[in-house]
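In: Sequence and predicted structure below; questions after.
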Protein chains: 2
Amino acid sequence: MAYYLGLDIGGTYLKAGLVDEAGTILRQMKAPTKGQVRSAGEIVAEAKRLLDELRKDTPGEIASLGVGSPGVVAHGRRIVRAYNLPFDDVDIASMFEKIICLPTAVGNDANVAALAESRYGAGKGKKSVLLVTLGTGVGGGLIIDDSIYAGFNGTGLEIGHLVLVAGGVPCSCGRNGCIESYISATALIRQTIEAGERDPGSKLGRLVRSGANITGRTAFKLAEDKDPAALKVVQKYIGYVGIALANYINAYLPEILLIGGGISHAGPAFIDAAAKIALDEAFVFPEVGYPKITAAALGNDAGIVGAALIGKENCLSR
Amino acid sequence: MAYYLGLDIGGTYLKAGLVDEAGTILRQMKAPTKGQVRSAGEIVAEAKRLLDELRKDTPGEIASLGVGSPGVVAHGRRIVRAYNLPFDDVDIASMFEKIICLPTAVGNDANVAALAESRYGAGKGKKSVLLVTLGTGVGGGLIIDDSIYAGFNGTGLEIGHLVLVAGGVPCSCGRNGCIESYISATALIRQTIEAGERDPGSKLGRLVRSGANITGRTAFKLAEDKDPAALKVVQKYIGYVGIALANYINAYLPEILLIGGGISHAGPAFIDAAAKIALDEAFVFPEVGYPKITAAALGNDAGIVGAALIGKENCLSR
């Protein structure tokens, strides 16, 4: 029985795991990435330390390393851009292969997470899976027939950057009104603070004024207490999520849409409410079945498991 | 050498063609569809008349029939809905097989046109092709690795119905602000008339007041004469097309985007101007190559050729 190393490079943490054939993480470790402070070489060296630790006392042969990274990954080897990380057209697969002595593949973190969800998570057994991650940004990945679909050169997709409100709120990508700028956790926090400022007498308004830490769950929590300002925020946010999901259905018609990221746990009814809007609005027909919309299952583990998966498959295809 | 029949069912015309192995239409015929006046059976009978005519004196064996239809087509056989046509969950493949005695496959007209463009048109040799048709509506199809990608149940995609302006202009699909309601020929005509009414002293305004027939080319023509009102319409329209194309690049990252429909001939610079905006806005990187954006090549023939192609491939896969 072979084992596979998966490395998830995040803006905050490097997470490494030892994964078995069944997609189970047997052991995992993490260390701070320290963002822009380090060079690519230093991050790779730190990752090697974690990976070496995991390789000790492994019950069998380790076949490969897979790496998930934010940003633009080309040809399974090079990180072309990683925004908050110092990978500027770096052949990171070769860097790892030299010091780790394992065949290595690199993929976009959202794409590998989608692959993990489609193999071992909530998308298991489905012909096509779209993972939509509502986090700091809006990312995700499309899996068709068990493979990542990442566009003709493998650097896509950017499902968070479809304009939803032409001329709308500025987006991190330089455009205006992208889906990300309306339904990411960052967007919800902005919407929550703005609503609090508009309605200072509400519970939400008092909380915002108090200087408390506003998160993507704040409005959902206060909405449970029936605070009208919070309810309005939540309702509007769910409306945007619903429209965005309808767009994804019309664009991809996947068998299942999985909602991941912190906000997917916001409230028990959140995903169902957004799904209802989406299925009402999209081109779907009872005669041929509706796409399913549900929460992703693997949470943060999807990054490590998906990374290990692409390492494994790169190796098998040699 | 075998030959293939292709039938393109449109809202206005039934068009049938005899297609050879190279995707060339050797002969074609058409007859009015007459929209809602006829029943499905009458349309099929009329189509049979055309097809029988084409079969006379064919130089070799006819292997199959393929049918392209607007609307929602399931499993290559049933038209679930066709909006302006009387096909309400009709197994049209079986209807044709009974009276034509040829194995028959049915597909969505936009999807089969995209397939034709990818095999014999401007998308030849490309790994992934997105056809975007700017006509009465906005349709199109996605071809990945030489096959139509039509979603998990085969009834997608609806690329014209991604919301671009949340809360915007009402769309034919019941939503507000879909791409179709900003960049279809219908939308451009509406934008042209509205601009003429806002600015009655302009050339455009005088033309609109005169009761002349306003088409998708009117504003483009007057813009060539430097009419300011028309220039503004064209500029704004191209802006929307650019944003929509950027969305398609971020959503699909196809190797080539083909622009079809009447408006694709609007002006020599139209597609280039929209493409420039799209490539400026989308996530594309010189290190890994840009998607190409150009006019579709097959024009109206794409419908017949694509229909013949799905008939042929359905037959070969038996």
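Out: Done, it's in.
In: Enumerate the residues of the stretch 51-200 of chain A near chain B.
Out: With CB under 8 Å from any CB of the partner chain as the criterion, the stretch 51-200 of chain A meets chain B at residues A:72, A:74-75, A:78, A:80-81, A:89, A:126-128, A:144, A:149-159, A:161-168, A:173-175, A:182. Where you see a C-beta, it was placed from the backbone N, CA and C, and this is true even at glycine.
In: Mark which of those residues are part of strands, please.
Out: A:72, A:74, A:78, A:80-81, A:128, A:144, A:149 (DSSP state E).
In: Quick check on these: which are buried?
Out: The neighbour count (16 or more other CB atoms under 10 Å in any protein chain shown) marks A:72, A:74, A:78, A:80-81, A:128, A:144, A:149 as buried among those.
In: possible to save those as CSV with pLDDT?
Out: As requested, these are exported to CSV (pLDDT from 0 to 100):
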residue, pLDDT
A:Val72, 93
A:Ala74, 91
A:Arg78, 94
A:Val80, 93
A:Arg81, 89
A:Ser128, 98
A:Ile144, 98
A:Tyr149, 97
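In: quick one: which of those is nearest to A:Leu65?
Out: Distance to A:Leu65 across those (CB to CB) is lowest for A:Arg78, with 15.5 Å.
In: contacting residues for that closest one?
Out: Contacts here follow CB atoms under 8 Å, 6 or more residues apart in numbering or on different chains; on that basis A:Arg78 touches A:89-93, A:106, B:287.
In: Can you turn the buried part of the residues you listed into a ChimeraX selection?
Out: Selecting the buried subset of the contacts of A:Arg78 in ChimeraX, with 16+ other CB under 10 Å as the burial test, is done by:
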select /A:90,91,92,93,106
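In: Among the contacts of A:Arg78, list the two that are farthest apart in space.
Out: A:Ala93 and B:Glu287 (15.3 Å).
In: dump the residue contacts of the nearest residue in space to A:Val138 that is not next to it in sequence.
Out: Excluding the flanking residues, the one nearest A:Val138 by CB to CB, 6 or more residues apart in numbering or on different chains is A:Gly160, at 3.1 Å. Counting by CB under 8 Å, 6+ apart, A:Gly160 touches A:137-140, A:178-180, A:184.
In: you'd agree A:Leu142 is in a strand?
Out: Yes - counting by DSSP: H, G, I helix; E, B strand; the rest coil, A:Leu142 is located in a strand.
In: isn't it right next to A:Gly151, touching?
Out: No - counting by CB atoms under 8 Å, A:Gly151 is not a contact partner of A:Leu142; they are 9.6 Å apart.
In: shared neighbours of the two, anything?
Out: Each of A:Leu157 lies in contact with both A:Leu142 and A:Gly151 under the rule CB under 8 Å, 6+ apart.
In: who does the helix or strand hosting A:Ala246 touch, helix- and strand-wise?
Out: Assigned by DSSP states H and E, A:Ala246 belongs to helix A:228-252. Contact analysis of helix A:228-252 by 3 or more CB pairs under 8 Å, 6 or more residues apart in numbering or on different chains; DSSP states H and E lists strand A:128-134, helix A:180-183, helix A:185-198, helix A:203-209, helix A:218-224, strand A:256-260, helix A:270-281, helix B:228-252 as its packing neighbours.
In: contact partners of the first one?
Out: When you say that, I think you mean strand A:128-134. Contacts with strand A:128-134, where a contact means CB under 8 Å, 6+ apart, come from A:110, A:113-114, A:117-118, A:123, A:138-145, A:159, A:183-185, A:216, A:241, A:244-245, A:248, A:252-264, A:296, A:302, B:151-152.
In: Check the residue of the stretch 101-250 of chain A found nearest chain B and give its pLDDT.
Out: When scored by CB to the nearest CB, the stretch 101-250 of chain A has A:Gly151 as its residue closest to chain B, at 2.4 Å. A:Gly151 is assigned a pLDDT of 97 by the prediction.
In: Spatially nearest residue to it, not counting backbone neighbours?
Out: Nearest non-adjacent residue to A:Gly151, counting by CB to CB, 6+ apart: B:Leu253, 2.4 Å away.
In: likewise A:Ala93?
Out: Excluding its sequence neighbours, the residue lying closest to A:Ala93 (CB to CB, 6+ apart) is A:Arg77, at 3.8 Å.
In: from memory that neighbour sits against A:Ala105, does it?
Out: Yes - here A:Arg77 reaches A:Ala105: they are 7.3 Å apart, a contact under CB under 8 Å.
In: follow-up on the earlier one: how about the residue nearest to A:Ala93, what does it touch?
Out: A:Arg77 makes contacts with A:91-94, A:104-106, as judged by CB under 8 Å, 6+ apart.
In: go again using 10 Å as the cut-off
Out: Contact analysis of A:Arg77 by CB atoms under 10 Å, 6 or more residues apart in numbering or on different chains lists A:67, A:90-97, A:104-107, A:314.
In: Provide the backbone phi and psi angles at it.
Out: Dihedral angles of A:Arg77 (phi, psi; degrees, to the nearest 10) stand at phi -140, psi -40.
In: One more: A:Ala166?
Out: The phi/psi pair for A:Ala166 (degrees, to the nearest 10) is phi -50, psi 130.
In: my guess is it contacts B:Leu164, does it?
Out: Yes - A:Ala166 is in contact with B:Leu164 according to CB atoms under 10 Å; the separation is 5.5 Å.
In: So if I had to pick from those two, which one is more boxed in?
Out: The neighbour comparison of A:Ala166 against B:Leu164 (other CB atoms under 10 Å in any protein chain shown) goes to B:Leu164, with 26 against 21.
In: per-residue confidence for that one?
Out: Reported pLDDT for B:Leu164: 98.
In: Counting neighbours, what do you get for A:Ala296?
Out: Neighbourhood size, A:Ala296 [other CB under 10 Å]: 24.
In: Output the below-cut-off pLDDT ranges for the stretch 151-300 of chain A.
Out: A:268 (pLDDT under 70).
In: Please identify the helix or strand for the residue of chain A positioned farthest from its centre.
Out: Seen from the C-alpha centroid of chain A, the residue lying at the greatest distance (CA atoms, centre = their mean) is A:Gly201, 36.0 Å away. Using DSSP H and E, A:Gly201 is not contained in any helix or strand.
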